[in-house]
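# Turn this into a structure:
(2 chains)
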Amino acid sequence: MSSRQPFPFSAIVGQDEMKQAMILTAIDPTIGGVLVFGDRGTGKSTAVRALSGLLPQITAVAGCPVNAETREACPEWATITDENLIEKPTPVVDLPLGVTEDRVVGALDIERALSHGEKAFEPGLLARANRGYLYIDEVNLLEDHVVDLLLDVAQSGENVVEREGLSIRHPARFVLVGSGNPEEGELRPQLLDRFGLSVEVASPRDVETRIEVIRRRDAYETDHARFMDAWAEADAILRDQIVAARSALKTRETPDATLRACAELCIALGSDGLRGELTLLRAARALAAFEGFETVEIQHVKAVAPSALRHRLRRDPLDEAGTGARVGRVVAEVLG
Amino acid sequence: MSGPLQRARLALRLLAVDPSGLGGAHLRARTGPVRAALEADINALPGPIRRIHPAITDEQLFGGVDLSATLAEGRTVRTAGLLETPCTLVLPMAERCRSDLAARLGAALDRQSHCVIALDEGVEPEEGLPPALADRLAFSVDLEDLSLRDIGPADPPPTGARRTDAVHVPTGAISDLALLAESLGVESPRALLLALRAARAHAALEDRAELEAADLTVAAALVLAPRATRLPQMEDDTPEAEEEPPPPPPPEEPENAEQPDAPAQEQEQDMMIPQDLLLEAAAAVLPADLLARLAVGSSGMVRAGGSGAGQQRKGNRRGRPMPARQGRLDGTNRLDLIGTLRAAAPWQPLRRTHAKTAQSLHVRASDFRIKRYKEMSDRLLIFVVDASGSAAMTRLAEAKGAVELLLGEAYARRDHVALVAFRGEGADVLLPPTRSLVQTKRRLAALPGGGGTPLAAGMQAALEVGLGARSKGMTPTVALLTDGRANIALDGQADRQAAGADATRMARLLRGNNMPGLVIDMSPRPQRPLRALAEVLDAPYIPLPRADSKRLSTAVSAALDA
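Reported below is the predicted structural model:
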């Protein structure tokens, strides 16, 4: 059963904010990671896994451990057995909890070191996630030192390994997606800030939506082929939109008024540093490109402000009232 | 379907029909004849069955390189992991399951290749399966308080062999389940999905081509009812039913299984079976103490205190380095390469002469040296808050404020916090050890005041929480906030004399258990008995007659860090 294709992205009912955040990072990976916090069983994992089916395939060297685009781009430490260029789905790599640092960053290949006396590098999960997504379920339960390391790499786009006599670096550009349930513990504010977008998901409240969720899921499981066919077109349209938005991204103009709006919003909310403004602007630009606008308008800033700023407020750690509501209020005040 | 054992057996038979789709079952039972009877049923499940234990390593789960064999044979030898091939995993002592193991099993369940039977032997209500795993298992049956008499002969093996996806689901069946989930307060869409699969499996078991009312009833009783977070509003309920204690579950109804069938026949054309029928089926198996559990904020499925907080730390991944030690590589620890080579070095000439393969380096498994680290265990602050009438509402508000401020600091230091409140006739653990501020805030806000001062009961509850936390590797500290006028003894009697004696006795017990603490006097005038109590406790005494929450938190932090 594991050979089954992932659930189609377009068939996910509701959860619009989460879907929007995922699409925006697919258009512009420099926005940074996505943090999804919310109840269990609300389709967090489903949405992430669906991404691999939704996103356009990437061209990569078949035997390259870091999915390099060309033979020249392959890291020099890797022994490439197969140099052919192939099309493969955008990698979506799962990072299991309790994973060791060695498995994340890669380590000395002990097997080869001991049996052949060779010094070789065994690439870790970061290498596999290059040019794709790295997904951590229950990110709030992950050991702090692993989270630190991940965020650092996610931001620099490069994994540097200096240990056990190895000195190796390889590209590790990926979008980090973390999910979790706030009732089981929280993330340190320093870490929250490093995620580009943050969304809150909740179980659908009305019965109709829930019935629809179950109906689709049931159809997906029992009548797989037909269900996938039915949604293939919607997914294809979305995919084309994303591809078009990616190429349009560079040419979007940002009027001064929009820049000013971003800055005013961040000042009004008292978010630390300039990362908030940058992310807000990038996300707004991606949204404008996605919706086919030539310029980035205030309405785009408004639409992405909750996701981009919710987790950046200097907050009382006990303030339970969703910070999203606070952002919404300030957005209404500042941008009218 | 009358008793829990019958439900458990039915659940296992449904699992046999669709093991990977249903995910598995969570069976709560201590070892004994009941569990033995169930284990026989479990062993009869089709497909390979593997037993795992809560401390299972990644290497066993995911497979890895068998280093000893690799070295002996001179070529790479891999071991197969349990998660590589579909099988049924039986997890005894599931209450000891760590959150990271739960997450790994959860990921395997999401791939729909495995089936997990968690045998939960928890004694205390807060012991239980991590919610991340429990949520993915379709069935949950509590088999405690069953005796030998309840064990009947096992059901005959299932005969129906219909495929579950060949069962037609009529429109209406899904909305029936969704409405029921709504009225039981089951929010997770996953629960609903599992309920539908269970209904399908039951129809397949009975060899029916179309879902019928009986299938939905089974799904309601086995999947949705254990997840209930509120009591359903029966139609004949009076509006003030909410204030009343929970109506006891209907007495044993032997014909319960047949009952839903009769109306179903009348309604064959229209699948929409009456909601109250489904509700009845679910209500019959609702845990009797549902309301009591809800008061503590955790239903049967979602046990508080779960993952993240209070895990015993493995000492081999972080902290201050300690000398390496001989050991086995099991995927969770790290090899000290230099230490290993150093251990192997003296033997090289000897091994070279005896070696079959021409290698430059001869390392045996016995040379492995494992890195070790020393780590400070997490601190747990147990707040014991006096919520009695004498502690007056204003002071209570201040105490709450102080606890919140301290929580903010605990958050920065990654401390854990527990909250015990005592008033009236006894003490309640409002919050088991946790690091979740959201939960703490919620519980604190809901803390009412009034009644007597059962100081001893509060300290007793704190002692229990502290001992439990210590067994999980935490270092507990008790912070007692009171005005010291103990007037309720441990047995609940309003006897000032006995209450004082009991409090002193509990203080000695706390000290005897080496539980550090501090006493904060909230009364307007410093109380002499409280100072005496602090002396018995061997704890700092902080009189705070005019304390606002800010000063209180500063004082506590200073006392703790001293």
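# Only C-alpha atoms from now on, for both contacts and neighbour counts.
Fine.
# B:Leu437 and B:Leu407 touch, don't they?
Yes: with contact defined as CA atoms under 8 Å, B:Leu437 counts as touching B:Leu407 (7.4 Å).
# got the CA positions of stretch B:351-359 in CSV?
What follows is stretch B:351-359 as a C-alpha-only set of coordinates in CSV (Å, rounded to 0.1, in the frame of the first residue of the first chain):
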residue,chain,number,x,y,z
ARG,B,351,45.5,-10.1,14.8
ARG,B,352,47.4,-9.7,11.6
THR,B,353,49.1,-13.0,12.0
HIS,B,354,45.8,-14.8,12.5
ALA,B,355,43.7,-12.8,10.1
LYS,B,356,42.1,-14.5,7.1
THR,B,357,41.7,-11.2,5.1
ALA,B,358,44.4,-8.8,4.2
GLN,B,359,43.4,-5.7,5.9
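# and that stretch, what's its mean pLDDT?
For stretch B:351-359, mean pLDDT is 75.
# before we move on, what about stretch B:416-428?
82.
# cool, and stretch A:93-113?
For stretch A:93-113, the per-residue pLDDT values average out at 75.
# for stretch A:133-148, same thing?
80.
# Ok, stretch A:193-208 next?
Rounded mean pLDDT across stretch A:193-208 is 84.
# Phi and psi next, for B:Gly32.
Note on B:Gly32: backbone dihedrals following degrees, to the nearest 10 are phi 160, psi -180.
# Strands of chain A, residue ranges please.
A:34-38, A:58-61, A:85-88, A:92-94, A:106-108, A:121-123, A:132-136, A:158-163, A:166-171, A:174-180, A:197-201 (DSSP state E).
# Turn the ones you listed into TSV, including distance to B:Ala118 and mean neighbour count.
Output for these, formatted as TSV (distance: least, CA to CA, whole Å; neighbours: other CA atoms under 10 Å in any protein chain shown):
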stretch	distance to B:Ala118	mean neighbour count
strand A:34-38	25	24
strand A:58-61	41	21
strand A:85-88	38	15
strand A:92-94	24	21
strand A:106-108	34	20
strand A:121-123	35	19
strand A:132-136	24	25
strand A:158-163	39	16
strand A:166-171	42	16
strand A:174-180	23	26
strand A:197-201	29	25
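# What about whatever residue of chain B ends up closest to chain A, how many residues nearby?
Among the residues of chain B, B:Ser436 lies closest to chain A, at 4.5 Å counting by CA to the nearest CA. B:Ser436 has 21 neighbours, counted by other CA atoms under 10 Å in any protein chain shown.
# before we move on, what about the one 3 residues further on?
For B:Gln439, the number of neighbouring residues by other CA under 10 Å comes to 19.
# Doesn't it lie inside a strand?
No: using DSSP: H, G, I helix; E, B strand; the rest coil, the secondary structure at B:Gln439 is helix, not a strand.
# List the residues that contact B:Thr164.
In this structure, B:Thr164 makes contact with B:Val17, B:Asp18, B:Arg200, B:Ala201, B:Ala203, B:Ala204, judged by CA atoms under 8 Å, 6 or more residues apart in numbering or on different chains.
# got it, and B:Gly24?
Counting by CA under 8 Å, 6+ apart, B:Gly24 touches B:Leu15, B:Cys115, B:Val116, B:Ile117, B:Ala118, B:Arg136, B:Leu137, B:Ala138, B:Phe139.
# Closest one of those to B:Leu350?
The nearest member of these to B:Leu350, counting by CA to CA, is B:Val116 at 49.1 Å.
# Report the secondary structure state of the closest one.
Secondary structure assignment for B:Val116 (three-state DSSP): strand.
# Would you mind measuring from it to B:Leu137?
Remark: distance between B:Val116 and B:Leu137 (CA to CA, to the nearest Å) = 7 Å.
# and what of A:Ile211?
Noted for A:Ile211: a distance of 20 Å to B:Leu137, by CA to CA.
# you'd agree A:Gly32 is up against A:Leu197?
Yes: assessed by CA under 8 Å, A:Gly32 is found in contact with A:Leu197 at 7.2 Å.
# residues shared between the contacts of the two?
A:Thr279.
# Name the residues of the longest helix anywhere in chain A that come out as buried.
The single longest helix within chain A, with elements called by DSSP state H, is helix A:224-248. For helix A:224-248, burial by neighbour count (16 or more other CA atoms under 10 Å in any protein chain shown) applies to A:224, A:227-228, A:232, A:235-236, A:238-239, A:241-243, A:245-246, A:248.
# what does that helix contact?
Residues from elsewhere that reach helix A:224-248 (CA under 8 Å, 6+ apart): A:7-11, A:23, A:26-28, A:54-56, A:219-220, A:286, A:289-290, A:292.
# Kindly write the PyMOL command that selects the buried subset of those.
Buried subset of those, written as a PyMOL selection, criterion 16+ other CA under 10 Å:
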select buried, chain A and resi 7+8+9+10+11+23+26+27+28+54+55+56+220+286+289+290
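# Name the residues of stretch B:43-63 that come out as buried.
Of the residues in stretch B:43-63, B:Leu45, B:Ile49, B:Ile52, B:Asp58, B:Glu59, B:Gln60, B:Leu61, B:Gly63 count as buried by neighbour count, 16+ other CA under 10 Å.
# same question for that stretch, mean pLDDT?
Across stretch B:43-63, pLDDT averages out at 81.
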